[in-house]
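Enquirer: Need the 3D shape of this:
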Amino acid sequence: MKRGHQNLLLGALCLLCVFAGALAVDAAADLSDTPKVSEEVVGSTGTDAAAAEREAGGKMSSPAFQRKIRDNAQKFEFQAEVNRLMDILIHSLYSNKDIFLRELISNASDALDKIRFLSLTDKSVLGEGDTANLDIHIWADKASRQLYVRDRGIGMTRDELVKNLGTIAKSGTSAFLEQMQKGGDINLIGQFGVGFYSVYLVADWVEVVTKAPGDKQYIWASGADGAFTVSEDEGENEDLGRGTLIKIHLKEDAEEYVDEARLKSLISKYSEFINFAIYLQTTNEKDVPVEGEGEEAAADADKIDTEDADKDDKQDAKSEDEEDDDVVDEDEEEQEKEEEKPKTVKQNVTEWEHLNDNKAIWLRKAKDVSTEEYNKFYKAISKDWDDSLTHIHFKAEGDVEFKALLFIPKHAPWDFYDNIQRPKPKAAGAVPGASAGLKLYVRRVFISDDIDELLPRYLSFLRGVVDSDSLPLNVNRETLQAHSSLKTIKKKVVRKALDAIKKMADDEVACNAAGSDIDEDNKINKPSMDECKKFGILYKEFGRALKLGIMEDDSNRGRLAKLLRFHSSKSLDKLTSLADYVSRVKPGQKSIYWMAGLSQQEVALSPFAEKLVAEGFEVLYMTDVLDEYVMQQLPDFEDFKFVNIAKEDVDLPTEESENAEVCERVECIGAMMLY
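Expert: Numbers count the residues shown, from 1 in each chain. Predicted coordinates for the structure are as follows:
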């Protein structure tokens with residue numbers, strides 16, 4: 001009996017221990033979200049699901065891995081478990097591995113912006129010598145499979161490392177902006193935020209070496225295993241002076257990112273218009289002068305052989321024609337010049353290549369940008385060999401602020417009307433350099449050139465950039481597509497584009513009205529010859545795209561209708577507008593007559609057209625495959641109803657109706673004169 005009581009007491013004690021343990025776990029879960037110092041041995045197994053697998057593989061116990069853990073390092077745990085971190089930051093936001101470099105360069109640019117802003121009031125923060133240079137350097141080590149990104153920005157203190165890189169979506173950017181709102185005017189400030197973690201798409205270990213002005217140099221390191229370490233840099237790395245160096249230890253399946261050509265392509269694509277110079281370390285084969293006694297001896301021997309050969313040539317020439325003694329031997333002079341040149345050999349030379357020399361000219365005022373600069377910029381972003389037809393440079397203000405620089409090409413791409421039927425998904429093996437329509441930038445950082453909501457299909461021939469400060473930076477294309485600001489941007493871009501096209505059409509009308517026999521003194525009031533031809537070029541290349549707009553864009557259908565051009569019975573050799581047709585209608589005519597056919601000749605020989613033309617009415621010849629579809633969406637123009645003479649009973653105006661209309665006009669004019 002006594003033994004039974006003892007067993008009951010032992011069981012109760014066990015239950016109490018379990019209950020106390022559960023309370024301790026709950027209490028630990030309620031602690032602050034700030035990164036916690038771990039009491040474990042530095043280099044121990046992480047907390048994520050993949051840690052056991054890595055340890056089983058011997059990675060964490062390997063000498064190479066242990067060398068990355070500093071003796072003086074203090075270990076912290078991330079605010080959230082790495083599973084959740086990677087799920088949110090990688091799988092949800094970053095489906096494209098390439099953008100890790102865009103994010104790191106963007107962060108580096110923000111850090112440079114911050115130090116530049118601080119230097120306005122304190123020049124000493126820039127330092128001296130190379131430290132004062134505001135630039136970004138990128139290089140790779142193929143042997144160790146490492147990539148390096150170095151900036152001379154603001155850098156981070158130890159506390160900022162723990163705070164900014166130890167918590168999710170925590171950035172020094174917002175804190176600095178809040179501080180500057182009270183006494184500064186700047187909108188491009190930041191350090192590391194959510195985008196930093198995209199580096200783990202390609203890396204299994206990352207080190208951040210950083211130094212803030214007037215502070216010590218520190219090293220942040222993590223394998224995204226739920227923990228990170230921070231230690232003082234005790235001479236392991238060069239003294240940065242100021243700024244940040246990111247060491248990226250690439251995964252085995254990410255070796256492509258140590259290739260120079262690959263890096264150059266990514267930087268040119270995503271960060272071409274970053275404010276600060278971006279340099280990539282490249283290796284090129286060049287001719288290098290030969291140095292040393294052995295080489296000089298070889299050069300002398302070559303010289304002697306050359307001189308002997310020259311003597312033989314001279315003797316042969318003299319025997320052939322002695323009358324040419326006074327003629328200078330040009331071959332001899334060229335040979336002597338060659339002898340004077342130093343000997344060279346082919347060697348691989350490592351140097352820094354400046355990649356982003358194209359300036360973001362859309363940030364400048366239009367009056368400050370020359371035509372040559374516009375043409376150079378257009379060719380750079382469009383890969384076109386010819387200049388653009390015209391450009392549209394504007395700044396939009398209001399709820400959504402953005403700057404845009406749009407170009408209308410002179411030539412439609414060979415596959416333009418094939419692709420316009422339905423935008424094709426971009427293939428993984430797309431041809432490098434193939435140009436998309438508009439490139440979307442957020443604070444000069446490239447986001448995408450595949451945003452469907454930025455342009456309607458019928459204006460997809462436009463090229464250029466849209467740069468907004470109102471859009472979020474760290475989101476994927478699908479999330480951005482649904483952003484409300486894009487609708488506002490699209491509306492303003494379409495309006496500006498149609499205004500520019502209308503101006504070209506108005507210039508053409510003005511030129512036709514003035515005629516070719518214009519007095520010299522009046523030429524200032526007439527568009528230039530190039531301006532007179534622009535709309536004709538545009539309509540020849542993109543007229544069918546404008547017709548597509550009639551079918552798809554209800555809100556701008558009226559504006560697009562004024563841009564349409566057709567041949568007619570009174571304009572066989574020249575396209576005419578609907579406005580011109582209306583200006584030529586007979587008195588009492590309330591309709592615009594048209595007929596579709598394969599050619600002008602087919603329509604003109606139709607009995608329907610012949611009858612109306614014989615009675616003095618004008619008939620539009622619809623010979624394009626889209627014309628009939630356009631007419632289905634365009635019932636009238638300026639109160640004139642469109643009538644298909646091949647399908648409808650044409651109600652021609654009678655002589656009485658014509659006379660009545662003339663009388664009405666006379667009475668109206670008489671009343672106006674009496675008034």
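
Enquirer: any idea of the mean pLDDT in the longest helix along the chain?
Expert: Assignment by DSSP state H gives helix 484-514 as the longest helix of the chain. Per-residue pLDDT values over helix 484-514 give a mean of 92.

Enquirer: Pull out the buried residues from it.
Expert: Within helix 484-514, the residues scored as buried using 16 or more other C-beta atoms under 10 Å are 485-486, 488-490, 492-494, 496-498, 500-501, 503-505, 507-508, 511, 514. Glycine gets a C-beta too; all of them are placed from N, C-alpha and C.

Enquirer: What of stretch 447-459?
Expert: Here stretch 447-459 shows 447, 448, 449, 450, 451, 454, 455, 456, 457, 458, 459 as buried, counting by 16+ other C-beta under 10 Å.

Enquirer: Ends of it, what's the gap?
Expert: Counting by C-alpha to C-alpha, to the nearest Å, you get 20 Å between the two ends of stretch 447-459.

Enquirer: repeat for stretch 605-625
Expert: Length of stretch 605-625, first residue to last, C-alpha to C-alpha: 19 Å.

Enquirer: And the helices in the stretch 451-600 of the chain?
Expert: Secondary structure of the stretch 451-600 of the chain (DSSP state H, counting those that start in this stretch): helices located at 477-481, 484-514, 529-552, 557-561, 578-583, 600-604.

Enquirer: Of all those helices, which one comes closest to residue 640?
Expert: Evaluated over these, closeness to residue 640 peaks at helix 578-583, with 5.9 Å, by C-beta to C-beta.

Enquirer: Got the confidence number for the closest residue to residue 549 other than its chain neighbours?
Expert: Leaving aside its chain neighbours, residue 549 sits nearest to residue 458 (3.7 Å; criterion: C-beta to C-beta, 6 or more residues apart in numbering). Here the pLDDT value assigned to residue 458 is 93.

Enquirer: what packs against the longest helix of the chain?
Expert: strand 390-396, strand 402-408, strand 463-468, helix 529-552, helix 557-561 (3 or more C-beta pairs under 8 Å, 6 or more residues apart in numbering; DSSP states H and E).

Enquirer: Please repeat the previous calculation with a cut-off of 7 Å.
Expert: Helix 484-514 sits against strand 390-396, strand 402-408, strand 463-468, helix 529-552, with contacts defined as 3 or more C-beta pairs under 7 Å, 6 or more residues apart in numbering; DSSP states H and E.

Enquirer: Return the list of strands paired to the helix or strand hosting residue 247, each annotated with direction.
Expert: In this assignment (DSSP states H and E), residue 247 forms part of strand 243-250. Strand 243-250 pairs in its sheet with strand 146-151 (antiparallel), strand 203-211 (antiparallel), by DSSP bridges.

Enquirer: so where's the stretch 51-200 of the chain uncertain?
Expert: 51-71, 78-95, 167-195 (pLDDT under 70).

Enquirer: can you give me the helices in it?
Expert: Under DSSP H, counting those that start in this stretch, the stretch 51-200 of the chain gives helices at 51-56, 63-66, 82-86, 99-119, 158-164, 172-183.

Enquirer: Distance of residue 581 relative to residue 498?
Expert: 21 Å (C-beta to C-beta, to the nearest Å).

Enquirer: how about the residue lying closest to residue 267 once chain neighbours are set aside, what does it touch?
Expert: Spatial nearest neighbour of residue 267, chain neighbours left out: residue 355 (5.0 Å); criterion: C-beta to C-beta, 6+ apart. Listed by C-beta atoms under 7 Å, 6 or more residues apart in numbering, the contact set of residue 355 reads 264, 267, 268, 278, 280.

Enquirer: and residue 221, how many neighbours?
Expert: 21 (other C-beta atoms under 10 Å).

Enquirer: what do you get for residue 614?
Expert: 8.

Enquirer: for residue 102, same thing?
Expert: 22.

Enquirer: re earlier: mind listing which of the contacts of residue 355 are in helices?
Expert: Per DSSP H, those map to helices at 264, 267, 268.

Enquirer: mind checking which helix or strand of the protein has the lowest mean pLDDT?
Expert: Least confident helix or strand of the chain, by mean pLDDT, DSSP states H and E, is helix 51-56 with a mean of 39.

Enquirer: Other residues contacting the strand holding residue 247?
Expert: 104, 111, 145-153, 155-156, 199, 202-211, 237, 257-258.

Enquirer: for stretch 356-372, same thing?
Expert: Residues outside stretch 356-372 that contact it (C-beta under 7 Å, 6+ apart): 271-274, 277-278, 373, 377, 380, 393, 403-405, 444, 465, 467.

Enquirer: buried subset of the residues you listed?
Expert: Applying 16+ other C-beta under 10 Å to the contacts of stretch 356-372 flags 271-274, 277-278, 377, 393, 403-405, 444, 465, 467 as buried.

Enquirer: Of those residues, which is the nearest to residue 572?
Expert: residue 393 (38.9 Å).

Enquirer: quick one: pLDDT of that closest one?
Expert: 97.

Enquirer: and the angle from the longest strand seen in the chain to strand 146-151?
Expert: Identified as the longest strand of the chain according to DSSP state E is strand 277-289. Angle of strand 277-289 versus strand 146-151, following axes from the mean of the first three to the mean of the last three C-alpha atoms, to 10 degrees, is 120 degrees.

Enquirer: Please identify the buried residues of strand 277-289?
Expert: Buried-residue list, strand 277-289, by 16+ other C-beta under 10 Å: 277, 278, 279, 280, 281, 282.

Enquirer: Would you map the strands across the stretch 201-350 of the chain?
Expert: 203-211, 217-222, 227-232, 243-250, 277-289, 344-354 (DSSP state E, counting those that start in this stretch).

Enquirer: Need those strands in JSON lines (columns: mean pLDDT).
Expert: As requested, these are arranged in JSON lines below (pLDDT from 0 to 100):
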{"stretch": "strand 203-211", "mean pLDDT": "92"}
{"stretch": "strand 217-222", "mean pLDDT": "92"}
{"stretch": "strand 227-232", "mean pLDDT": "88"}
{"stretch": "strand 243-250", "mean pLDDT": "95"}
{"stretch": "strand 277-289", "mean pLDDT": "87"}
{"stretch": "strand 344-354", "mean pLDDT": "87"}
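
Enquirer: roughly how far apart are the residue nearest to residue 248 when sequence neighbours are not counted and residue 284?
Expert: Sequence neighbours aside, residue 147 is the residue nearest to residue 248 in space, at 4.3 Å (criterion: C-beta to C-beta, 6+ apart). Using C-beta to C-beta, residue 147 is found at 20 Å from residue 284.

Enquirer: what does residue 603 give?
Expert: 63 Å.

Enquirer: can you check residue 118 too?
Expert: 37 Å.

Enquirer: ditto for residue 508
Expert: 50 Å.

Enquirer: What of residue 246?
Expert: Residue 246 is 25 Å from residue 284, by C-beta to C-beta.

Enquirer: Buried residues in stretch 391-409, which are they?
Expert: 391-394, 396, 400, 402-409.

Enquirer: how close does residue 361 sit to residue 465?
Expert: 10 Å.

Enquirer: ignore the last one, residue 243
Expert: Residue 243 is 29 Å from residue 465, where distance means C-beta to C-beta.

Enquirer: Tell me the pLDDT of residue 420.
Expert: 70.

Enquirer: how many neighbours does it have?
Expert: 18.

Enquirer: picking up where we left off before, need the contacts of residue 355 in TSV with distance to residue 544, can you?
Expert: Converted to TSV, these look like this (distance: C-beta to C-beta, whole Å):
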residue	distance to residue 544
264	38
267	37
268	33
278	41
280	43
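
Enquirer: closest to residue 627 among the buried ones among the contacts of stretch 356-372?
Expert: Distances from residue 627 to these, taken by C-beta to C-beta, are shortest for residue 404, at 32.1 Å.

Enquirer: Report pLDDT for that closest one.
Expert: At residue 404, the pLDDT recorded in the model is 96.

Enquirer: what's near enough to touch it?
Expert: Residue 404 makes contacts with 362, 394, 464, 465, 466, 493, as judged by C-beta under 7 Å, 6+ apart.

Enquirer: And for residue 131?
Expert: Applying C-beta under 7 Å, 6+ apart, we find residue 131 in contact with 152, 241, 242.
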